[in-house]
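Novice: need coordinates for the below:
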Amino acid sequence: YSNIKITEGGKVTFTLTKDEKSIGPFISNLIGKFNVENATAAIVMALETGVSVQDIQRGLATFLGIKRRMDVRFDDGKRKVIDDFAHNTMKFKSAIEALRLHFPKEKLVVVAEPNIGSRTKESLPLFKDVFGGVDLLLLPEFSVTTLPGVIWAGDVYRMVKDDTSVVVIPDDEELVSRA
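Specialist: Model (predicted):
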């Protein structure tokens, strides 16, 4: 894929090259380079099974994505709330890159709670440099677990506080009141 551009309306356009021949353009409603990569894989698979480029273009242009993957949940023209089920450092980083690609000048506030598998003492260093592209990181106190060796919001706070503005929110009610 190449020539990734964001249109005035927030759509992504890109082209594919196969055997040095340009195929496209393709237009997508989905946010982020990772969704271009996913679309590219689907397009290649569809082409290999005989689906026409025109049918693929129509299908991709109308596909609205899957729930909770860069899902716009609120938009009042001034603020957008985008829900994403990113749950580990690699996914957080790609989600932030996607949001910065689409909204380069907007204030970016991220609420992040990693899943249990990403909350081990061994994974703590992976949080370094993940949230540097955000204006404010809110860390709710992580869900309770009895697993040994897990890290908590305060641990992540100490790891990232030099890279970004970060606040630990002790309970869900306070988190909602900040919105």
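
Novice: what's the burial count for the residue nearest to residue 125 when sequence neighbours are not counted?
Specialist: Nearest non-adjacent residue to residue 125, counting by Cβ to Cβ, 6 or more residues apart in numbering: residue 159, 7.3 Å away. For every residue, glycine as well, the C-beta is placed using N, CA and C. Per other Cβ atoms under 10 Å, the neighbour tally for residue 159 reads 19.

Novice: check residue 68 too.
Specialist: Residue 68: 12 surrounding residues under other Cβ under 10 Å.

Novice: go ahead and confirm it touches residue 87.
Specialist: No: using Cβ atoms under 8 Å, residue 68 makes no contact with residue 87, being 10.5 Å away.

Novice: which ones are touching the residue nearest to residue 31 when sequence neighbours are not counted?
Specialist: Among residues not flanking residue 31 along the chain, residue 70 sits closest, at 4.1 Å (Cβ to Cβ, 6+ apart). Applying Cβ atoms under 8 Å, 6 or more residues apart in numbering to residue 70 gives the contacts 30, 31, 32, 35, 82, 84, 95, 98.

Novice: per-residue pLDDT, residue 70?
Specialist: Per-residue pLDDT puts residue 70 at 78.

Novice: separation between it and residue 63?
Specialist: 12 Å (Cβ to Cβ, to the nearest Å).

Novice: who's in contact with the residue nearest in space to the middle of the chain?
Specialist: Residue closest to the average C-alpha location in the chain (Cα atoms, centre = their mean): residue 95, at 2.0 Å. Residue 95 makes contacts with 32, 70, 84, 86, as judged by Cβ under 8 Å, 6+ apart.

Novice: quick one, which of these are buried?
Specialist: Buried residues within the contacts of residue 95, counting neighbours by 16 or more other Cβ atoms under 10 Å: 32, 70, 84, 86.

Novice: elements contacting the longest helix anywhere in the chain?
Specialist: Ranked by number of residues, the top helix in the chain under DSSP state H is helix 33-48. If contacts are counted by 3 or more Cβ pairs under 8 Å, 6 or more residues apart in numbering; DSSP states H and E, helix 33-48 sits against strand 12-18, strand 21-28, helix 53-62, helix 89-102.

Novice: which other residues reach the third one?
Specialist: Residues external to helix 53-62 that are found in contact with it (Cβ under 8 Å, 6+ apart): 23, 24, 25, 26, 27, 28, 29, 39, 42, 43, 46, 47.

Novice: residues touching the fifth one, list them.
Specialist: Contact partners of residue 27, counting by Cβ under 8 Å, 6+ apart, are 7, 11, 12, 13, 57, 60, 61.

Novice: this completes my enquiry, with thanks.
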